[in-house]
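Novice: Model the following, please.
(one chain, ligands or ions: 1)
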Amino acid sequence: MMEASAKMTILVTGSSGFVGLNIVEHLLARGDDVIGVSDRPVPQIAALAFAELPGRLVQIVADVRSQHAMQRIMSEYGVKRVVHAAAVTSNTARERTEACHTVGVNMGGLTAVAGAAAALGVERFVFVSSNAVFGGGVPDYALLDEDWPKAPGTIYALSKWTGEMILDLLGASTGLDWVAGRLAGVFGPWEYRTGIRDFMNPVFQANTLAIAGRHAFLPRRGKSNWHFARDAASALVTLLDTPSHRHKVYNLGTPYVWSIADWCDRLAARFPAFQIHVGTGDGAPIDLYGDHDGGILSGDRFTQEFGPTGRFDLDAAFEHLMEWQERHDQFGLRSAA
Ligand SMILES: O=C(O)[C@H]1O[C@H](OP(=O)(O)OP(=O)(O)OC[C@H]2O[C@@H](n3ccc(=O)[nH]c3=O)[C@H](O)[C@@H]2O)[C@H](O)[C@@H](O)[C@H]1O
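Specialist: Residues are numbered from 1 along each chain as shown. Now for the predicted structure:
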């Protein structure tokens, strides 16, 4: 059962990151006040867009590893609920080369933020986890349930899985009402981490519209299980709104495979003057009509309990991303159309 929405003050860590920005936007749009905490400020373009929304955003640059700092912030602003999305994310240089830092931020940061929330009796805590906990050895496009064997293949993945266990212990000893949403690969608005050349965010150059992907992540064949950022944020906020969840962990993603060719057809129809080039970040071509080459499908438990929020609606996602790019004129879309 979801609670009737009354205006609230919600703390979002990692508020300047890709997923965090989508969560913040969702909350501000429905009128909640957000205390955004991260180690860098929200990009100016996002801050300007968010200023037009009904909710109010207070930005604080702070170290999520400091329980003292987190507790002071929560206490000062009367924070009732927390979404913890700050992390050293996967496939970044730091994650690959500084394991100690990744462990410190992802496990230490989680423990500090959750510890502060527990100490203050915050009513709900959502942890942004990852389906990386399952590792790479899963069957192609199997619909994984939450209890599928874990096999973290990186320190990042291990830090997310351990994070869930930390919360389990902390919840048992303090009564903290926590829940984890394990994200699948996410794409969409506010993707700044890898720059604008990210999967499905088209880049307009001369008369070519390039869709270039994040190295290892982009399927080389024409199917995908990627999850639209707005849907991911909406699913996480649904978990935030729900008291005493039936389960502690939810895989969040699309429960089915969708076609990159369908996405490209829409782009071609929208921008007939452009040639469309589709390739991976390293220049390798993608066979748009080929068979799939693996991925994890998830979101079944979420969909059964909360409805279709976790499903991927290709048309809605396409229109939303086009509208977002038009609004922010990210890629010279106005001159391109
Ligand atoms: O897909 C996923 O599975 C991932 O999705 C999300 O990552 P993204 O949003 O894609 O990553 P990114 O854009 O790099 O933002 C990181 C944010 O953390 C902040 N951050 C980082 C390090 C630090 O020490 N302190 C800090 O505040 C930093 O300032 C920024 O605001 C989840 O948040 C992640 O937990 C993981 O589950």
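
Novice: Now tell me what touches the helix or strand hosting residue 236 from outside.
Specialist: Per DSSP states H and E, residue 236 falls inside helix 229-241. With CB atoms under 8 Å, 6 or more residues apart in numbering as the test, helix 229-241 has contacts from 2-3, 5, 10, 18-19, 22-23, 25-27, 81, 83, 85, 124, 126, 128, 179, 181, 183, 186-191, 245, 250, 252, 299, 302, 306, 309-313, 317, 320. The way it works is simple: take the backbone N, C-alpha and C, and place the C-beta from them, glycine included.

Novice: Now it: average pLDDT?
Specialist: Across helix 229-241, pLDDT averages out at 95.

Novice: cool, and stretch 28-48?
Specialist: Per-residue scores along stretch 28-48 average to 94.

Novice: Does the ligand have contacts with it?
Specialist: Yes: against the ligand, stretch 28-48 shows contacts by CB under 6 Å from any ligand atom at 38-40.

Novice: wait, isn't residue 184 in contact with residue 227?
Specialist: Yes: between residue 184 and residue 227 there is a contact under CB atoms under 8 Å: 4.7 Å.

Novice: Quick check: neighbours shared by those two?
Specialist: With CB under 8 Å, 6+ apart as the test, residue 184 and residue 227 both reach 252-254, 299.

Novice: any idea which of those is least confident?
Specialist: residue 254 (82).

Novice: and it, helix, strand or coil?
Specialist: For residue 254, the assignment made with DSSP: H, G, I helix; E, B strand; the rest coil gives coil.

Novice: give me the number of residues near the residue in the stretch 201-337 of the chain positioned nearest to the ligand?
Specialist: Nearest residue of the stretch 201-337 of the chain to the ligand: residue 232, at 8.2 Å (CB to the nearest ligand atom). Neighbourhood size, residue 232 [other CB atoms under 10 Å]: 29.

Novice: measure the spatially closest residue to it that is not a sequence neighbour to the ligand for me?
Specialist: Using CB to CB, 6 or more residues apart in numbering and skipping the chain neighbours, the partner closest in space to residue 232 is residue 186 (5.0 Å). Using CB to the nearest ligand atom, to the nearest Å, residue 186 is found at 5 Å from the ligand.

Novice: Now do the contacts for residue 186.
Specialist: 18-19, 226-229, 232.

Novice: Equivalent analysis for residue 120, please.
Specialist: 71, 74-75, 79.

Novice: what's the closest of those residues to the ligand?
Specialist: residue 74 (15.4 Å).

Novice: Help me confirm that the closest one comes into contact with residue 125.
Specialist: No: using CB under 8 Å, residue 74 is not in contact with residue 125, being 10.8 Å away.

Novice: So which of these two has more stuff around it?
Specialist: residue 125 (25 against 22).

Novice: what secondary structure does residue 191 sit in?
Specialist: Assignment for residue 191 (three-state DSSP): coil.

Novice: Spell out which residues of the stretch 101-250 of the chain are next to the ligand.
Specialist: 105, 128, 130, 183, 186, 193.

Novice: Among these, which are located in strands?
Specialist: Members of these lying in strands (criterion: DSSP state E): 128, 130, 183, 186.

Novice: Pretty sure the third one sits against residue 249.
Specialist: Read that as residue 183. No: Residue 183 lies out of contact with residue 249 (CB under 8 Å); the separation is 12.0 Å.

Novice: between those two, which one's more packed in?
Specialist: residue 183 (23 against 19).

Novice: Include distance to residue 238 and neighbour count when you put the shared contacts of residue 184 and residue 227 into a markdown table, please.
Specialist: What follows is the shared contacts of residue 184 and residue 227, written out as a markdown table (distance: CB to CB, whole Å; neighbours: other CB atoms under 10 Å):
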| residue | distance to residue 238 | neighbour count |
| --- | --- | --- |
| 252 | 10 | 30 |
| 253 | 14 | 31 |
| 254 | 16 | 25 |
| 299 | 12 | 31 |
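
Novice: what's the farthest-apart pair in the residues you listed?
Specialist: Using CB to CB, those reach their maximum pairwise distance at 252 and 254, which is 9.3 Å.

Novice: what's the overlap in contacts for the two?
Specialist: With CB under 8 Å, 6+ apart as the test, residue 252 and residue 254 both reach 184, 227, 298-299, 310.

Novice: Name the member of those with the most neighbours.
Specialist: residue 299 (31 neighbours).

Novice: I'd like the distance between it and residue 235.
Specialist: 8 Å (CB to CB, to the nearest Å).

Novice: what's the answer for residue 136, then?
Specialist: 24 Å.

Novice: which one of these two has more residues nearby?
Specialist: A count of neighbours by other CB under 10 Å puts residue 235 above the other of residue 136 and residue 235, at 23 against 12.
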